[in-house]
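[1] Okay, predicted coordinates and the sequence, questions at the end:
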Amino acid sequence: MATLAQNESKKTSQRVKAGQKISFENGVVYGTGNILGYDKIGKEMIVNDEQSKTVKFIFESYLKGMGLTEIKDKLEFMGYKTATELSKWNVSCINRVLKNPFYCGTIVYRKSMFLII
């Protein structure tokens, strides 16, 4: 009986992964869609003009040589809000923005990269 249950679990897992892959190829974004600079409306990610200024500020500051803590302090001083509308920033949040390939026009799914058109 245990072997049958294990095999059924494996089949279910394969079906779920296959369904996720098909959904991904059809443009369905998984997760909360809570990406700074974008609003998730239905299946689409729409640019949020106000938050996009924050993203630009983060990248421009980093390219000017500012460290993550300095960027964090500037964001808080200038009143920029996080994706969840908080006024306190976390260095790891800024680091995730800088390392997120989505901001370069690429979506990563299961270690495969897809170009956003």
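    Looks like it came in fine.
[2] Would you tell me what helix or strand the closest residue to residue 80 other than its chain neighbours is located in?
    Distance criterion Cβ to Cβ, 6 or more residues apart in numbering; nearest residue to residue 80, sequence neighbours excluded, is residue 54 at 4.6 Å. Every residue, glycine included, has its C-beta placed from N, CA and C. With elements taken from DSSP states H and E, the one containing residue 54 is helix 49-63.
[3] circling back to that earlier point, what sits against the residue nearest to residue 80?
    36-37, 75, 80-81 (Cβ atoms under 8 Å, 6 or more residues apart in numbering).
[4] 7 Å instead, please
    Applying Cβ atoms under 7 Å, 6 or more residues apart in numbering to residue 54 gives the contacts 36-37, 80.
[5] Write a PyMOL command that selects only the buried members of those residues.
    Selection of buried members from these for PyMOL, criterion 16 or more other Cβ atoms under 10 Å:
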select buried, resi 36+37+80
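[6] want to throw the contacts of residue 54 into JSON lines with distance to residue 10 and secondary structure?
    Compiled in JSON lines, these are given as follows (distance: Cβ to Cβ, whole Å; DSSP: H, G, I helix; E, B strand; the rest coil):
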{"residue": "36", "distance to residue 10": "37", "secondary structure": "coil"}
{"residue": "37", "distance to residue 10": "39", "secondary structure": "coil"}
{"residue": "80", "distance to residue 10": "47", "secondary structure": "coil"}
